[in-house]
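Trainee: Got a predicted structure plus its sequence, pasted below:
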Amino acid sequence: MNTLQTDHKQTNFLSLQRLYILRLIAIAGELAALVIATQVLAITLPVKPLFWIVAIHAVINFAAWWQLQNKDQLTHRQIFLQLALDTLILAAMLYFTGGSTNPFVSLFLLPLVIVAAIMPKHFAWAMACLTIACYTFLMRYFHPLPPVSSAHGIDFDLHVLGMWFGFMLSVCLIIFFVVRMAAHLRERDRSLSLAREQTLRDQHLVTLGTLATGAAHQLGTPLSTMAIIASELGHEHCEDIDITEKTTLLRQQINRCKAILSEMTAETGQARAEDGHAVALDDYLRSVVQQVRDVHPKNLIQCQLDGHQPAPKILADRTLAQALGNLLDNACEASPSAVSVNGNWQSEHLQLIIDDRGSGLDQTIKDKLGT
């Protein structure tokens, strides 16, 4: 839910930001149109109310700029109000410049297209009602445009040219605003899809962690029973050196299993880096290798560490030790005769090579890699 709300806020911010830029262009275009109409085409227009309308439009755009400074508070209702004000400003401009006969009346479609593209449908229906009401009003009530001076051609030709220009302007504005917003919405959908996939993966990991914790509790009793039986066998056959060594090794392995289960229970399935502690790199690697030697006493594990001294310290948590331990366990199982661990470090980098003499992966396992 938080991710969805954040996406809506980001969409509203981008919408108002683009609307603010469009208004700057529109206000400049309105002023230019007034100058051209009155000075170049010599059309008699009510200049004073038209300039007041342009000034009000500039004030509305300043309010939009102020709202952009508090982007976390933007809502669909605020964006709709801004577009509704634009529609009313356009209706006022057309009222003094020919009403529905003005070739720029098609610009009423632009706010409607924007609302339909980025807002819920009830906002789109509200904008549709507003634009229809304004258009209907302008069909009956408006100040007619005076005829153009004959030096500039026939009125109808100029009207057709104005319709073409209004159409081209509408197309450009729709491309600028709606296409960009549609691309942002597609990007948002992709982000939401990735977030859903991540949530599913997290839920899967939580489930595995819960199962691991439950298994740790369930395995505690059998391991304790095994430890007691191993101790009793060691006492009963203390004169047999071979059995004594095997029972001692068995108790060590049981104790190691119990320690691992205790760590799993304490971690509750989630290892955290802040649980680690600082330790010298060479001491840490030797301790990990020694733990594996205790588990595989018959394996020959050679450890060669090179680097400047004193060795740098690292944050050693359980996850890192388990990962290295798993690699070494696999190497020992694949190559009982010889395993070498070569570590070389600099101030910020460590190169660790675990080399075994195993035969490698068979084709069946290779075919399943990555699944």
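Mentor: Looks like it came in fine.
Trainee: Give me the distance from stretch 234-249 to the chain's centre.
Mentor: Stretch 234-249 sits 60 Å away from the centroid of its parent chain (C-alpha atoms, centre = their mean, to the nearest Å).
Trainee: correction: stretch 359-366
Mentor: Per C-alpha atoms, centre = their mean, the centroid offset for stretch 359-366 relative to its chain is 38 Å.
Trainee: Format the CA atom coordinates belonging to that stretch as CSV.
Mentor: Extracted in CSV, the C-alpha atoms of stretch 359-366 (Å, rounded to 0.1, in the frame of the first residue of the first chain):
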residue,chain,number,x,y,z
SER,A,359,35.9,-34.8,-11.0
GLY,A,360,33.5,-31.8,-11.4
LEU,A,361,29.8,-31.7,-12.0
ASP,A,362,28.2,-34.5,-14.1
GLN,A,363,26.0,-33.6,-17.0
THR,A,364,22.8,-34.2,-15.2
ILE,A,365,23.6,-31.6,-12.5
LYS,A,366,24.9,-29.1,-15.2
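Trainee: And for that stretch, what's in contact with it?
Mentor: Contact with stretch 359-366 is made by 334, 369, as judged by C-beta atoms under 8 Å, 6 or more residues apart in numbering. All C-beta atoms are positioned from the backbone trio N, CA, C, and that covers glycine.
Trainee: what residues are up against Ile243?
Mentor: 233-234, 237.
Trainee: How about Val292?
Mentor: By C-beta under 8 Å, 6+ apart, Val292 lies in contact with 301, 325, 328-329, 332.
Trainee: are any of the contacts of Ile243 buried, and which?
Mentor: 233-234 (16 or more other C-beta atoms under 10 Å).
Trainee: In ChimeraX, how would I select the buried members of the contacts of Val292?
Mentor: A single ChimeraX command selects the buried members of the contacts of Val292 (16+ other C-beta under 10 Å):
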select :301,325,328,332
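Trainee: Which single one of the contacts of Val292 is nearest to Ile79?
Mentor: Taking C-beta to C-beta as the measure, Gly325 is the one of the contacts of Val292 closest to Ile79, at 56.4 Å.
Trainee: Could you say which helix or strand holds that closest one?
Mentor: Assigned by DSSP states H and E, Gly325 belongs to helix 318-334.
Trainee: Could I get the CA-only coordinates of that helix as PDB?
Mentor: Listed next in PDB are the C-alpha coordinates belonging to helix 318-334 (Å, rounded to 0.1, in the frame of the first residue of the first chain):
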ATOM      1  CA  ARG A 318      27.400 -16.000  10.800                       C
ATOM      2  CA  THR A 319      26.200 -15.800   7.200                       C
ATOM      3  CA  LEU A 320      29.700 -15.400   5.800                       C
ATOM      4  CA  ALA A 321      31.100 -18.200   7.900                       C
ATOM      5  CA  GLN A 322      28.300 -20.500   6.800                       C
ATOM      6  CA  ALA A 323      28.900 -19.600   3.100                       C
ATOM      7  CA  LEU A 324      32.600 -20.300   3.300                       C
ATOM      8  CA  GLY A 325      32.000 -23.400   5.300                       C
ATOM      9  CA  ASN A 326      29.600 -24.800   2.700                       C
ATOM     10  CA  LEU A 327      32.100 -24.200  -0.100                       C
ATOM     11  CA  LEU A 328      34.900 -26.000   1.900                       C
ATOM     12  CA  ASP A 329      32.500 -28.800   2.800                       C
ATOM     13  CA  ASN A 330      31.700 -29.400  -0.800                       C
ATOM     14  CA  ALA A 331      35.400 -29.300  -1.700                       C
ATOM     15  CA  CYS A 332      36.200 -31.900   1.000                       C
ATOM     16  CA  GLU A 333      33.400 -34.200  -0.200                       C
ATOM     17  CA  ALA A 334      34.500 -33.900  -3.800                       C
END
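Trainee: Same question for it: list its buried residues.
Mentor: Buried positions in helix 318-334, judged by neighbour count with 16+ other C-beta under 10 Å: 318, 320-321, 324-325, 327-328, 331-332.
Trainee: Number of residues surrounding Met119?
Mentor: The tally of other residues near Met119 (other C-beta atoms under 10 Å) stands at 20.
Trainee: pretty sure Leu90 contacts Ser106?
Mentor: No: using C-beta atoms under 8 Å, Leu90 is not in contact with Ser106, being 10.5 Å away.
Trainee: the more surrounded of those two?
Mentor: Leu90 (24 against 14).
Trainee: about what we covered before: for the helix holding Gly325, which helices and strands make contact with it?
Mentor: Here helix 318-334 touches helix 281-295, strand 339-345, strand 350-356, going by 3 or more C-beta pairs under 8 Å, 6 or more residues apart in numbering; DSSP states H and E.
Trainee: mind listing what's buried in the helix or strand hosting Ile254?
Mentor: Taking DSSP H and E as the criterion, Ile254 maps to helix 241-267. Residues 247, 250-251, 253-254, 257-258, 261, 264, 267 are the ones in helix 241-267 that count as buried (16+ other C-beta under 10 Å).
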